[in-house]
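S.K.: Next one to model:
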Amino acid sequence: MTAIARETGTKRDAVKQTLTVAKSDTASAAVSSGQATFTQALLLAEFDGDADAVTELTECIAEGYGDDELTHTAARLRQDAERREARTQVRADLIEAGRRVVGEDDDYESLDRLTDAADDVTDYQERNALDPEQHVECAGAAWHVREWGTPEPVQVCTTPDAHHARYPSFRQAIQVGGTAGAEPSEEDRAAEAEERKAARRVLVANNKAWDAADQVRREWIVGLLQRKNAPKDAARFLAVALTRHATTRYASGMVTARGLLGIETTGVGGRHALPVGRGTPHEGAAPVSRGRVLRVREHREP
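M.R.: Down below sits the predicted model:
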């Protein structure tokens, strides 16, 4: 690779990317046919071997997705791939422990949407969610592995009709067919089950999209902070953030200014002062201030 770069006068990274696309039949065919740009072909090559991911990316490209949209799609697909093995292992551990495990095609309800309080109990403070430790005795006790964030087992109930809706108004709002107060028919129950499945699919898709957006946004912020020249009006942005919104300086959270600036954490709890001055990775106070402000904005992102 280095020899090719030297011989052709091309940057090594460009040579590496070209070879990556050339090794993928799907990516090279997409470029040759004009169906994808070189940048898009790089994404196809990255997921070579994952048929579902390649199909989704190909459909997105055909629909005219821009690079920003494809970046988010690729981030979600990477997270799916990274978590797939972990989810498989959690499922295997649950089955080995004798737990009943349900999947996306099964009908179940979250314990926090169910209660054993009677429907005539109208005070929501008394309509407590089902307790996981007590619910293990229920015939519908089962577990599923969360599909976004950190893969972890979550107890659910496959017989929600054996309990009461924790939020009756919500259940009434999604009721399908039948008459309010009447015993639901088998058709009504089946329709409600399909409603629950559809709602879960939307919930999973939205949370996966959120996770991907978090990653893409933070990578963008890191790139912004590493630029040699600050964006236009950066000084005005800092002035407003540190005066009109003065609490910005003191807010805390999981996202740190050090992490965004790429500075190694030192001291107990990483609370040593950020290095500022000549010879430091971020010479001058402005980049550090920008890092602090963006860290707080990122932490407060809804």
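S.K.: What ranges in the stretch 101-250 of the chain fall below the confidence cut-off?
M.R.: For the stretch 101-250 of the chain, applying pLDDT under 70 flags the ranges 169-182, 241-250.
S.K.: mind listing the helices for it?
M.R.: 132-135, 168-173, 186-225, 234-243 (DSSP state H, counting those that start in this stretch).
S.K.: what packs against the shortest one?
M.R.: Read it as helix 132-135. Judged by 3 or more C-beta pairs under 8 Å, 6 or more residues apart in numbering; DSSP states H and E, the packing partners of helix 132-135 are strand 153-157. Any C-beta I mention is one placed from the backbone N, CA and C, and that applies to glycine too.
S.K.: If you count neighbours, what's buried in the strand it packs on?
M.R.: By 16 or more other C-beta atoms under 10 Å, the buried positions in strand 153-157 come out as 153, 155-157.
S.K.: D214: which of these is nearest?
M.R.: Among the buried residues of strand 153-157, P153 lies closest to D214 (C-beta to C-beta), at 22.9 Å.
S.K.: What is the neighbour count of the closest residue to that closest one other than its chain neighbours?
M.R.: Of all residues not flanking P153 in the chain, W143 sits nearest, at 4.7 Å (C-beta to C-beta, 6 or more residues apart in numbering). Using other C-beta atoms under 10 Å, W143 has 20 neighbouring residues.
S.K.: Throw the helices of the stretch 101-250 of the chain into a markdown table and include mean neighbour count and distance to L114, thanks.
M.R.: Output for the helices of the stretch 101-250 of the chain, formatted as a markdown table (neighbours: other C-beta atoms under 10 Å; distance: least, C-beta to C-beta, whole Å):
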| stretch | mean neighbour count | distance to L114 |
| --- | --- | --- |
| helix 132-135 | 13 | 9 |
| helix 168-173 | 11 | 10 |
| helix 186-225 | 15 | 12 |
| helix 234-243 | 14 | 44 |
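S.K.: so which of these comes closest to Y65?
M.R.: Distance to Y65, taken as C-beta to C-beta, is lowest for helix 186-225 among these, at 13.7 Å.
S.K.: tell me the angle that closest one makes with helix 234-243.
M.R.: 120 degrees (axes from the mean of the first three to the mean of the last three C-alpha atoms, to 10 degrees).
S.K.: tell me the contacts of A22?
M.R.: By C-beta atoms under 8 Å, 6 or more residues apart in numbering, the residues touching A22 are S28.
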